[in-house]
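> okay, sequence plus prediction incoming.
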Amino acid sequence: MDLFKLVEVVVFPGLIYLVVLAIFFEWYKRKLVARMQSRLGPTYTGFRGILQPLADFLKLLFKEDIEVTTGDQKMLTLVLLVAPTLFIFSLFFVPVTGYTIFSFEGDLLLVLFISSIASLLLYLVGWTFRSSFTKAGAARLLLQIVGFDIAAIALALVPAFEAESLCIATISEKISSAVISNPLLLIPHGFAFILFLLAQQADLEEDPFDIPHAETELVAGYITEISGRKLAFLDLFKDLQMVYVSFFTASLFFGVIVKPLSAVLVIASSVEMFLKALLVLFILFTIEAASTRIRIYNLLDAFWKYIIPLSFFSLSLLFIIKALPGVLL
Amino acid sequence: MSYAVDLLFGPQHPALHEPERFRFKVDGEIIVDVDVKIGFIHRGIEKLAESKNFIQNIYLTERICGICNVAHTLCYVQAVEDMAGIEVPERAKYLRVIVHELNRIHSHLLILGVAAELLGWETEFMYLWRDREAIMDIIEDVSGNRVTSAFNTIGGVRRDINNTQKERMLKVLDKVEKDTRFHKKVLEEDPLYRERMVNMGVLKTRDAIERCAVGPTARGSNVDYDVRAHDPYAAYDEIPFNVIRYKECDSWARMMVRVDETLESINIIRYALKHLPGGEIRVKVPPRLPAGEGLSRVEAPRGELIHHVFCQGDVKPYRLKVRTPTFANILAIAPTFIGHTIADVPAILVSIDPCFACTDRLTFVDVSSGKVMKLSLGEIKRMYWSR
């Protein structure tokens, strides 16, 4: 491993860049949702409150770390250290700047696997305590993961089959030409995109799927007993999840215009990817601002009765469209 | 075999804006039993009223409930007027109706917003409360204060409304009506809101009557019961208005009653402003009132409110008894939690517009014999606090 790779992993487009993005996206979320709700959102810290999430993070780091005696603190610390790392690791395979740090044929499956593991780790956060609120929240989270994860995996395979690759970087390069060469593919593609957004919304636990930490029912759900530094890292985890979701969705479903062939083009393509991620988040936050929280039974109904069958339907539609010319000729 | 566990809502919980305890026995997510425990925010206002004179008590009763303060002062002064046989001028009666209805609009918009917030719909909450601000501004314009208006007094009202204020008020009411119609459309049609509210906490008409539900809770269960219409006070016998009822009997119906009543209140205020009679706004009342008792019923935003005043020919009441609507509604609604999920608790609870601080009373009852006891503070300390 040479020095250049190390810089890539640690600084750009690796760890530091991703954390900066996470903090920026948190601000974007707060400001955007606030404006939609005719509020101001953060205003004090930095330009239009842009440093507010960073200030919150630092403030939480300085707070007293309250250890709940009925909780398994070692497990909790381990989970909160491992979970953000998992997202950063899986983002190495996603073309955040238009190119990826690591890439191999089949990394799509690895990334899907890692993100599922990361969501499951959150379940352990709730399960380490003996409070009825965290227990109920953790149980809800598990049910929710069972709901959206299968749909998300099935839907992520749609662009993979369109581009005929299981490598995220290759998919994001080839997807636009694949769809343009066969415009019929737009039907399963658009279908899959909408359903995939819903599954990602459930992954992010935003309205209408903020069921595991529904504050008016379960106080804060699985997060209830966490405070101080641990809460800071949990927030960072959720923000990194936002980065992962937006870039992963953007690279799977939107084609690329600028190819990162030289240093200047890398900047151009990272701006392009960034704008696409903002677009994905804009859609997600609009849904979050416009909807009521649903019940866990409604979520399971929605996913198992409609979204999972529809995602398999869009996969089969894709196969039919792809196989059609061969059958006809 | 049941695996039911206790899930405590309260005394401190984000879904409760005041401390009160609900113990739900839950099997998974399903509620199998509920135990309501009130009494965490008892303030002893009825006792305090006995040591203050009649005028001071107006400001005390106003603080029983900040949100429906006008209903409380109106009810109290009417009870005192009933006791002393005081005739209120016509203009004062109309002015009382105007401020009472303004208070109702603000209370209804408030709870509609809170309901949206409890269901995780912050946007609708923000919009409703933003639109409610216009009403708060006219309440301030009329009475001099946003919340505790101190508008009613024994024998009339404390402030008059001039033509400029009337113009301003009509202009704001047009805007509020437009906003409320928009919110009515949103709350009627939004599929997720309906999913959460329709068929939640069904209180059948028969049960509502049996359990003495009052106010929007009763009218949401299709009970034709509104004190304004059936026992008119102030100027309500001269003002035409409809009693809003919904047949659905669920949380959604109870919220929609409030939306429609807001529109109805706007019409009442418009009518009252148009037909506002001239003359005095209050009559002079001596501080010492004759012995007797007085009762008054008022349709507060949350339902029927009763004030009962006794006097023994003094400057102070001998006894003031208040019966607030939440006390009737909380008992009516409690059994309807059973069979629903934890997620539905806020949706059902908010639909009665609970106000626990008004509700809490204290009585010592010996559970084994059913005997009601009177205990002094020293005795209570000795029996319960020394442990």
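Good, I have the coordinates.
> mind telling me which residue of the stretch 101-250 of chain A is nearest chain B?
Per Cβ to the nearest Cβ, A:Thr216 is where the stretch 101-250 of chain A lies closest to chain B, at 4.1 Å. Where C-beta positions appear, they are placed from N, C-alpha and C, glycine not excepted.
> got it, and the stretch 151-300 of chain A?
In the stretch 151-300 of chain A, the residue that lies nearest chain B is A:Arg293 (3.2 Å; Cβ to the nearest Cβ).
> that residue - that's part of a helix, no?
No - going by DSSP: H, G, I helix; E, B strand; the rest coil, the assignment for A:Arg293 is coil, not a helix.
> and it, what pLDDT?
As predicted, A:Arg293 sits at a pLDDT of 87.
> that one: what's it in contact with?
Counting by Cβ atoms under 8 Å, 6 or more residues apart in numbering or on different chains, A:Arg293 makes contact with A:Asp207, A:Pro208, A:Phe209, A:Asp210, A:Ile211, A:Ala214, B:Leu119, B:Gly120, B:Trp121, B:Arg196, B:Ala343.
> rewinding a little: which of the helices or strands spans the residue of the stretch 101-250 of chain A closest to chain B?
Taking DSSP states H and E as the definition, A:Thr216 sits inside helix A:215-218.
> and the residue nearest the centre of the chain?
By default, I'm working from chain A. With distances taken as Cα atoms, centre = their mean, A:Val245 lies nearest the centre of chain A, 2.2 Å away.
> wrong one, I was asking about chain B
By Cα atoms, centre = their mean, the mean C-alpha position of chain B lies nearest to B:Arg302, the distance being 3.3 Å.
> need phi/psi at the residue nearest to that one when sequence neighbours are not counted.
Leaving aside its chain neighbours, B:Arg302 sits nearest to B:Pro325 (4.2 Å; criterion: Cβ to Cβ, 6 or more residues apart in numbering or on different chains). Main-chain torsions, B:Pro325, degrees, to the nearest 10: phi -60, psi -30.
> same question for the one 10 residues further on.
In this entry, B:Pro335 is assigned phi and psi values of phi -70, psi -20 (degrees, to the nearest 10).
> which ones are touching it?
So B:Pro335 contacts B:Val34 (Cβ under 8 Å, 6+ apart).
> go on, A:Asp107?
Contacts for A:Asp107 were tallied using Cβ under 8 Å, 6+ apart; they are A:Phe93, A:Leu166, A:Cys167, A:Ile168.
> from B:His106, how far out is it?
Distance, A:Asp107 to B:His106, using Cβ to Cβ, to the nearest Å: 58 Å.
> just how off-centre is the helix or strand following the helix holding A:Thr216 within its chain?
With elements assigned by DSSP H and E, the helix or strand that comes after helix A:215-218 is helix A:228-253. The chain centroid and the centroid of helix A:228-253 are separated by 6 Å under Cα atoms, centre = their mean, to the nearest Å.
> before we move on, what about stretch B:97-107?
Chain-centre distance of stretch B:97-107: 11 Å, with Cα atoms, centre = their mean.
> helices - which of the contacts of A:Arg293 land there?
Per DSSP state H, helices hold the following members of those: B:Arg196.
> out of the contacts of A:Arg293, flag the one nearest to A:Leu155.
Nearest to A:Leu155 out of the contacts of A:Arg293 is A:Phe209 (Cβ to Cβ; 15.7 Å).
> for the residue nearest to the closest one when sequence neighbours are not counted, which three-state class applies?
What sits nearest to A:Phe209 in space, not counting adjacent residues and going by Cβ to Cβ, 6+ apart, is A:Ala202, at 4.1 Å. The three-state label given to A:Ala202 by three-state DSSP is helix.
> farthest pair within the contacts of A:Asp107?
Greatest spacing in these, by Cβ to Cβ: A:Phe93 and A:Leu166 (11.2 Å).
> what sits against the residue nearest to the centre of chain B?
Contacts of B:Arg302 (Cβ under 8 Å, 6+ apart): B:Cys68, B:Ser107, B:Val214, B:Gly215, B:Pro216, B:Thr324, B:Pro325, B:Thr326, B:Asn329, B:Ile352, B:Asp353, B:Cys355.
> repeat that for A:Ala192.
Contacts here follow Cβ under 8 Å, 6+ apart; on that basis A:Ala192 touches A:Leu155, A:Val158, A:Pro159, A:Phe253, A:Ser311, A:Ser314.
> about what we covered before: now, the contacts of A:Asp107 that are in helices?
The helices, defined by DSSP H, take in A:Ile168 from the contacts of A:Asp107.
> now for B:Asp137, how many residues are close by?
When neighbours are counted by other Cβ atoms under 10 Å in any protein chain shown, B:Asp137 registers 14.
> hmm, I was thinking of B:Tyr236
Neighbour count of B:Tyr236, defined by other Cβ under 10 Å: 23.
> what's the answer for B:Ser265, then?
Number of residues near B:Ser265 (other Cβ under 10 Å) recorded here: 27.
> residues contacting it?
With contact taken as Cβ under 8 Å, 6+ apart, B:Ser265 is in contact with B:Glu101, B:Leu102, B:Arg104, B:Ile105, B:His108.
> repeat that with 7 Å
Each residue near B:Ser265 by Cβ atoms under 7 Å, 6 or more residues apart in numbering or on different chains is listed here: B:Glu101, B:Arg104, B:Ile105.
> how close does A:Tyr99 sit to chain B?
39 Å (Cβ to the nearest Cβ, to the nearest Å).
> which non-adjacent residue is nearest that residue?
Counting by Cβ to Cβ, 6+ apart, the nearest residue to A:Tyr99 once its immediate chain neighbours are dropped is A:Pro260, at 4.6 Å.
> A:Leu51 now?
Leaving aside its chain neighbours, A:Leu51 sits nearest to A:Thr45 (4.2 Å; criterion: Cβ to Cβ, 6+ apart).
> count of neighbours near that neighbour?
If we define neighbours as other Cβ under 10 Å, then A:Thr45 has 15 of them.
> residue of the stretch 151-300 of chain B closest to chain A, please.
Closest to chain A within the stretch 151-300 of chain B is B:Leu192: 4.1 Å, counting by Cβ to the nearest Cβ.
> quick check: chain neighbours aside, which residue is closest to that residue?
A:Thr292 (4.1 Å).
> correct me, but the one you found touches B:Gly120?
Yes - using Cβ atoms under 7 Å, A:Thr292 is in contact with B:Gly120, at 5.8 Å.
> higher neighbour count, these two?
Ranked by neighbour count (other Cβ under 10 Å), A:Thr292 and B:Gly120 place B:Gly120 first, with 26 against 23.
> isn't that one right next to A:Ala290, touching?
No - with contact defined as Cβ under 7 Å, B:Gly120 does not reach A:Ala290; the gap is 11.6 Å.
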